[in-house]
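Peer 1: Sequence first, then the predicted structure:
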Amino acid sequence: MDTQPTLTSHHPEKLLSVVNLRKAYGQQQEVIKGVSFDLYAGELVAVIGRSGAGKSTLLHMLNGTIETTAGDIIGFAQSDSPQHVQTLSGQSLRHWRATCGMIFQDFCLVPRLDVITNVLLGRLSETGIVRSMLKLFPKQDIERAIELLEWTGLIHHALQRAENLSGGQSQRVAIARALMQNPRLLLADEPVASLDPKNTHRVMQALKEISAQNIGVMVNLHSVELVKQYCSRVIGVSEGTIVYDGSPEGLTDDVQQLIYTPSSSAAA
Ligand SMILES: Nc1ncnc2c1ncn2[C@@H]1O[C@H](COP(=O)(O)OP(=O)(O)OP(=O)(O)O)[C@@H](O)[C@H]1O
């Protein structure tokens, strides 16, 4: 599974600074209410909280698929000067989204295309739609896709249609597709929510290996057990604010109550 160079450093590279971030959908109340944190290369950060706490909204704002209402998201992941993600548009936004790969609960594969083409579609922004549809992928991209399918254990399914894969296999293809962009950050929105225990562990193990390759990984999870088993850091969100940011070992019963109990019942 040695597909990317391992870099070690005593000063982890900062990939992202989130400063006082806020989000309200339309005229509704804010669902993210002034959130700040930094994200570093090599971290596997879990975001946990009750349903509706704002976890998905947060992740989607980081890669620019949901607009922010206020605050700043500063990306350091591209080699040049820091970028204010919420001000990006057009090609620079597409470039940021490639730097900041994303996977989802429902995989978002193209069911009728074969597995390797789905992986290669991770390079769509570079290859272009016409070349991609005609499967005119550069040789080095095909080699990289094969490498990633070997790493995920799915090389024997490379020519099979994606619609015939199990949920766990589909999620691993989605991870491979995200890695085709050579991201510095990987955002995973409830990637194991629909998976059985065995596949859940396979996907979590894959995310851990990706973070060990000096990529910053941020994952929305509902299981504290998985957080403790796999993650290096956990951010607890309650009603749009961060109420805990620290090690998984620090998730005591009191801290979990703070994260998972609605403020109205906590006050009662
Ligand atoms: N497009 C939208 N328009 C209006 N409100 C929205 C929209 N998307 C999310 N919300 C609301 O924002 C709040 C936060 O939703 P979000 O999906 O970010 O929470 P979550 O913590 O990811 O929840 P879950 O764990 O159930 O996925 C919820 O109250 C939700 O109803």
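Peer 2: Yes, it's here.

Peer 1: Kindly state the beta-bridge partners for G246.
Peer 2: For G246, the beta-bridge partners under DSSP bridges are V234.

Peer 1: shouldn't it be in contact with S232?
Peer 2: No - counting by Cβ atoms under 8 Å, G246 does not reach S232; the two are 10.6 Å apart. For every residue, glycine as well, the C-beta is placed using N, CA and C.

Peer 1: Name the residue in the two with the higher neighbour count.
Peer 2: S232 (17 against 12; other Cβ atoms under 10 Å).

Peer 1: now the nearest residue to S194 once chain neighbours are set aside: how far from the ligand?
Peer 2: Excluding its sequence neighbours, the residue lying closest to S194 (Cβ to Cβ, 6 or more residues apart in numbering) is G167, at 5.4 Å. In this view, G167 and the ligand are 17 Å apart by Cβ to the nearest ligand atom, to the nearest Å.

Peer 1: Could you give the number of residues near H95?
Peer 2: The burial count for H95: 15, using other Cβ under 10 Å.

Peer 1: got a pLDDT number for the residue nearest to S194?
Peer 2: We have a pLDDT of 91 for G167.

Peer 1: before we move on, what about V45?
Peer 2: 98.

Peer 1: And G128, by the same measure?
Peer 2: Reported pLDDT for G128: 65.

Peer 1: before we move on, the earlier item: surely the residue nearest to S194 and A193 touch.
Peer 2: No - using Cβ under 8 Å, G167 is not in contact with A193, being 9.8 Å away.

Peer 1: secondary structure element for E209?
Peer 2: helix 197-212 (DSSP states H and E).

Peer 1: what's next to the next helix or strand after that helix, contact-wise?
Peer 2: Sequence order places strand 216-220 as the next helix or strand after helix 197-212, per DSSP H and E. Strand 216-220 is contacted from outside by 15-16, 39-48, 55-56, 59, 62, 77, 184-191, 207, 210-211, 231, using Cβ atoms under 8 Å, 6 or more residues apart in numbering.

Peer 1: which residue packs closest to Q256, ignoring adjacent ones?
Peer 2: Nearest to Q256 is V224, by Cβ to Cβ, 6+ apart, at 6.5 Å.

Peer 1: just the contacts of strand 216-220 that are near the ligand?
Peer 2: Contacts with the ligand are made by 55-56 out of the contacts of strand 216-220, judged by Cβ under 6 Å from any ligand atom.
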